[in-house]
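J.: Requesting a structural model of the entry that follows:
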Amino acid sequence: MTGTGSSAPPPTGASTRPSTGSATQASPGSPSSGALTGTFVGLKLSLLRNGLRQSSGRTAAYVTSAVLVLLFAAGQLLGLVLLRGNEHAAAVVVLLTALIALGWAVLPLFFPGGDETLDPTRLVMLPLRSGPLVRALLVASLVGIGPLFTLCLVVGAAIALAHGAAGVVVAVLAVPLALLVCVAAARAVAAGNVRLLTSRRGRDLAVLSGLLIAVGAQFVNFGAQRLTRPGGLDDLEPLAEVVRWLPPASALGAVDSASGGAYGTAAAQLLLTAVVLGVLLVAWRRSLEKLMSAPDGSTLAAVSAPTGGARRGRSTGGDGTAPESRWWPAGRTGTVMRRSLQYMVRDPKTKAQLVSWLAVGLIVPLFNALQGTGSIYFACFAAGMLGTQMYNQFGQDGDAFWMVAGTISSARDAYVELRARAYALLLIAIPFTAVVNVGTAAILGDWRSLPDAVGLSFALLGAMLGTGAIASYRLPYTIPQGSGFKAAAPGQAGIIWGSVFGGMLGGALLCAPVIALTVWVNVSDAAAGSPARLAVLLLGTGYGLLLGWAGLRLAAPRTAARLPEILAAVSKG
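T.: Got it, this is the predicted structure:
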């Protein structure tokens, strides 16, 4: 007779080995679905709130970026409402919704948008079932500036298309469906590719992906320019007829169909959107189950490294130094320059950012010139893009910045460190800027304006280097190396946009004298000759050197005094 506290033996043939998917099974201690959702929403709010409390600079950057985004969203909402009744409203709304969904699905992999505070890999050890976990993460993902911005656009799109009682009823269903599809697509793509993105090969592939995104953004820009021409909106109609059946744009297409009396078509489009939402949630759930139960390749035993003569150091010259070191300046300057260039070549995120900015800096002026709508002064865009690489110089060091900080004991050491990093960037920026200027002049046939365009570009480059040195100690942030779709630690995303856009605006203001001189040369007949333009080249180059030198001088003593704060800021996450 079996006692009360005993258990029956397992049936014959039953396996007693635990399931590999035990992380997703129910457990006595698992919270209910509603409690779990509330916990995750509270966790999201707490992480955002605590991140903003860490420094006043981070709070100011976040609030500023939030205000700018909300103002832009309000403008877009008003613009969409004003489209109500326009014959091309449906085409514009449907394509805009599809473009927003594409951004949600792609951009979180390479840029700091989306939900950056809830990482599913940190939940592996918790006894959570995948179904409630997906629901909790989905609801928590709706908290933030990005979902609010998308909601404003989708609401404006629905208002632009909804006519009559049926249209309003369908719009009430279409708005949350479209928003949920966008968020679910972002989370499903991120969860499905997190292992790839955290691998070395995946981070290297991000370089090509960033380049494709940069090129695609420019094609969107040129398409928008074409649409502003008379009759340009007529070209959208054939494409919109196809896209209106692609979720989540099909949800807004359903509003237009219901407003026109095509109730069957509206029901089919809504059903298609709901089905795709379900497919995305299932794919997300399976990715989470695999992510939380399958072994990670990084935890497996590594293949033992070859020994003996298989691994040898580089050969040295007769004086004990590597042959290539003779081409670099002696002392700290040469060492820091080589280290910075190695970061650009070997570090996946630094390399991806550099390649993306090179592509954008090349595409914008050249493609506008090919379109016949550009100017040779668009080549300054190349200098501005590369100048942003000077921002957050210490973030690329990450936790290893403590070794750099240990070698800085005075303002002089900090100045040499920053100057060497600027030198390394100038090795790429100067020839690239010159090539873009020459290429733009060749396409436009405007060789006359080439000298003053180059002078203005070099002045902007110097201004960006100077402001970048200051921003590096005032607004440093972490560049996480373990997450391929994150470019900053939680709570630091606003610092990126605040420093970059603030620096570009500050650089443009600092270049105001050169800009004014260039305008005077172009509008004054007496100063339109080659000597005056050559003077702009020389003065712009000298002014850029002065701005860069002044920025480095101003940043050096504050950098030396804020080493602990910089180390704390670049070591988060």
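
J.: Name the next helix or strand downstream of the helix or strand of the chain with the lowest mean pLDDT, please.
T.: In the chain, the helix or strand scored least confidently by mean pLDDT, DSSP states H and E is helix 200-227, which has a mean of 62. Once helix 200-227 ends, the next helix or strand along the chain (criterion: DSSP states H and E) is helix 236-243.

J.: Against which helices or strands is that following helix packed?
T.: Counting contacts by 3 or more C-beta pairs under 8 Å, 6 or more residues apart in numbering; DSSP states H and E, the secondary-structure elements packed against helix 236-243 are helix 89-106. In this view, the C-beta of every residue, glycine as well, is placed from N, C-alpha and C.

J.: Contacts only, for Ile408.
T.: Neighbouring residues of Ile408 by C-beta atoms under 8 Å, 6 or more residues apart in numbering: 414, 417, 559-560, 563.

J.: Let's have the residues you listed in JSON lines, adding distance to Leu386, secondary structure and neighbour count.
T.: Below are these laid out as JSON lines (distance: C-beta to C-beta, whole Å; DSSP: H, G, I helix; E, B strand; the rest coil; neighbours: other C-beta atoms under 10 Å):
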{"residue": "Ala414", "distance to Leu386": "23", "secondary structure": "helix", "neighbour count": "25"}
{"residue": "Glu417", "distance to Leu386": "20", "secondary structure": "helix", "neighbour count": "24"}
{"residue": "Thr559", "distance to Leu386": "22", "secondary structure": "helix", "neighbour count": "27"}
{"residue": "Ala560", "distance to Leu386": "26", "secondary structure": "helix", "neighbour count": "19"}
{"residue": "Leu563", "distance to Leu386": "27", "secondary structure": "helix", "neighbour count": "19"}
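
J.: what's the closest of the residues you listed to Gly164?
T.: Ranked by distance to Gly164 (C-beta to C-beta), the contacts of Ile408 are led by Thr559 at 63.5 Å.

J.: helix or strand for Leu80, which one?
T.: For Leu80, the enclosing helix or strand under DSSP H and E is helix 56-82.

J.: Relative to the whole chain's centre, how far out is that helix?
T.: 17 Å (C-alpha atoms, centre = their mean, to the nearest Å).

J.: Sketch out the low-pLDDT regions of the stretch 101-250 of the chain for me.
T.: Counting by pLDDT under 70, the stretch 101-250 of the chain has low-confidence residues at 107-122, 194-233.

J.: Pull out the buried positions in the helix or strand hosting Ala352.
T.: Assigned by DSSP H and E, Ala352 belongs to helix 348-371. If you call a residue buried by 16 or more other C-beta atoms under 10 Å, then helix 348-371 has these buried ones: 348-369.

J.: cool, stretch 551-560 as well?
T.: By 16+ other C-beta under 10 Å, the buried positions in stretch 551-560 come out as 551-552, 555-556, 558-560.

J.: just stretch 431-447 next, same as before
T.: Counting neighbours by 16+ other C-beta under 10 Å, one finds that the buried residues in stretch 431-447 are 432-434, 436-441, 443-444, 446.

J.: For Arg412, the count of nearby residues, please.
T.: By other C-beta atoms under 10 Å, 12 other residues sit near Arg412.

J.: Great, nothing more from me.
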